[in-house]
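**Student:** Task: produce atomic coordinates for the following.
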Amino acid sequence: MTDNNRRTDNNRRTDNNRQYESASRADVAIVGCGPVGMTLAALLGRAGHSVVVLERHSSLYGLPRAASLDGETMRTLQGLGLADELAHHLRAQDAYEWRNAAGDLLIRQEFRDVGASGWADLYLFHQPTLEAALHSLCASLPNVDIRLGAKVTGLAQDRDGVTLDLADGTSLGARYVVGCDGGNSFVRGALGIDQDDLGFSEPWLVCDFALRRPAAELGLPSMLQIGDPEEPTTIITTAAGHQRFCYLLDADDAEDADDDGDFERARAADRVWSRVGRYLSRDDADIVRTATYTFQSLVARRWRVGRVLLAGDAAHQMPPFLGQGLCSGIRDVRNIAFKVDLVLRGEQGAEVLDTYQSEREPHVRGVTATSMQLGRQHTLRDPALVRERDVTLMARRAALQEPERIRLPDLGPGLLASGGGRLSVQGRVSDGRRTGLLDDVVGGGFRLLVAEQALRRVSPASLASLGELGVTVVGLGASAAGAVLADLDGTHLRWLSDIGATAAAVRPDNYVYAAGPDAGTVADRLLAALVPDLCA
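**Tutor:** Okay, here's the model as predicted:
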């Protein structure tokens, strides 16, 4: 099911919504034009909704910040048609190493070339490249309007919509607003939302370089944490020609940071080159940027107030030791996009938006807790504790029977039925004419994946109803025949077997709505979710 045909009645609205729409300039206004905001704009724009993106700066940020994408995020970019374009600028990473000051290996997290989402588990990248691709996509959509230099100064909402006041004296109306405006979110502040501090706060100096020679030729580590009590350090080859070094700052250094987070002493070129001198010389690279960041662990207490939602850093901030900050923001807007779409089309009540936080917050808190745990191990300064850490981690590594990988949490309770909450998989399939990844062959939207032998357990009436609702029913077998696709590598059938199911109903954000051993029951649960009157 494609974005264009998932719903046949694209203009269906309630009378109140029609009245407001005539006076509104947008279905959704997004505050913040970073990767998270633009991803949401593209998802909603491709679904047929009018979107305005408001960015207070007069241009895209244009400097490196986030440095890693996971396979799930790549699947999102695939659905937006950007994966092939970006693939040439990404570098799949095979491992993430943690060593002590002596160079002893403490932790080695390994990443697959092809993971559960059909892409490598981890990619390193240069953020301006991603921003440029997303901006170009949004600019190509006639119903997406990106306004740079548009600073939001006021926010008010009523039962019908939201009004945003801008610094130039104008205002904008929207049916819904999503704040994707970062850790210092204006939207979060305007809503008066407090944050829970989970207890991690450390100042780091981040130095980005443009290399004059390839990183491999210079012998630079591609992804390394050095747990040196004298100076904990992170080194990452973010993309071709780009290298990052991060240093934990001492208390005295941190006090020199100004209100904007710039660390002026460390900005001096000689200080920067002194820090990286073991790896780089002035002949090897040029400094692109140095800045200080306080790595924090903060979670907003409310992610939705009426018609306004928060996403990305506006809703939560986590230390970067799992490389999941941007990925978490992309997961947020995937969740928001399909639910707002259902609401705007009148197919679900606005209360479905409350399931956004209930699903995503436990996931975010779980990822943050793991990142904090890794960060605290990495940044120990007491020599005795460092020795104890090294002994413990090296013994643990020696005892491992298989490669160490990070497993991310499932979703919390929400728009889910029995067997739901886990991320679905994507492998190669063929319909007899086309061969490719599942989403490229069958499209996005709601899907019902069914093992071939279980298709007969789904009644013709249920199949017809699912089709009328735009749900794609995907039979999976050893070879393509009729409504059955060939599961070329056995990815989907093996996954269904592993979770004890013959069928899985998959949501547009690629998370499982329901799964189980009886395909007919799974199909009926999906029908009940999409047509709530069935449950009355």
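
**Student:** Looks like Ser371 contacts Gln324 (just checking).
**Tutor:** Yes: in this structure Ser371 lies within contact range of Gln324 using CB atoms under 8 Å: 6.7 Å. (Each C-beta comes from the backbone N, C-alpha and C, glycine too.)

**Student:** overlap in contacts of these two?
**Tutor:** Residues touching both Ser371 and Gln324 (CB atoms under 8 Å, 6 or more residues apart in numbering): Met318.

**Student:** Tell me, how many residues neighbour the closest residue in space to Cys33 that isn't next to it in sequence?
**Tutor:** Distance criterion CB to CB, 6 or more residues apart in numbering; nearest residue to Cys33, sequence neighbours excluded, is Glu55 at 3.4 Å. Neighbourhood size, Glu55 [other CB atoms under 10 Å]: 24.

**Student:** mind checking pLDDT for Glu55?
**Tutor:** Looking at Glu55, its pLDDT stands at 97.

**Student:** Let me know the pLDDT of Asn10.
**Tutor:** So, for Asn10, pLDDT stands at 34.

**Student:** can you point me to the longest helix in the protein?
**Tutor:** helix 354-378 (DSSP state H).

**Student:** elements contacting the following helix or strand past that one?
**Tutor:** Where DSSP states H and E defines the elements, the next helix or strand beyond helix 354-378 is helix 383-399. Applying 3 or more CB pairs under 8 Å, 6 or more residues apart in numbering; DSSP states H and E, one finds that helix 383-399 contacts strand 95-100, strand 105-110, strand 223-227.

**Student:** Quick check: buried residues in the longest helix of the chain?
**Tutor:** 355-357, 359-365, 367-368, 370-372, 374-375, 377-378 (16 or more other CB atoms under 10 Å).

**Student:** before we move on, back to that, quick one: the residue nearest to Cys33 and Ala156, what's the gap?
**Tutor:** To Ala156, Glu55 is 21 Å away according to CB to CB, to the nearest Å.

**Student:** swap in Ala417?
**Tutor:** 37 Å.

**Student:** what about these two, which has more around it?
**Tutor:** Neighbours per residue, other CB under 10 Å: of Ala417 and Ala156, the larger number sits with Ala417, 19 against 11.

**Student:** Counting neighbours, what do you get for the closest residue to that one other than its chain neighbours?
**Tutor:** Spatial nearest neighbour of Ala417, chain neighbours left out: Ala514 (3.8 Å); criterion: CB to CB, 6+ apart. The number of residues packed near Ala514 is 25, by other CB under 10 Å.

**Student:** Ala514 reaches Leu416, doesn't it?
**Tutor:** Yes: using CB under 8 Å, Ala514 and Leu416 qualify as a contacting pair, with a distance of 7.3 Å.

**Student:** ok, Arg25 - how many residues close by?
**Tutor:** 14.

**Student:** got a list of what the nearest residue to Gly432 once chain neighbours are set aside touches?
**Tutor:** Once flanking residues are discounted, Gly432 sits nearest to Ala480: 4.0 Å by CB to CB, 6+ apart. Contact analysis of Ala480 by CB under 8 Å, 6+ apart lists Ser430, Asp431, Gly432, Ala486.

**Student:** Any idea what the residue nearest to Ser171 when sequence neighbours are not counted is bridged to?
**Tutor:** Nearest residue to Ser171, sequence neighbours excluded (CB to CB, 6+ apart): Asp165, at 5.0 Å. Beta-bridge partners recorded for Asp165 (DSSP bridges): Gly154, Ser171.
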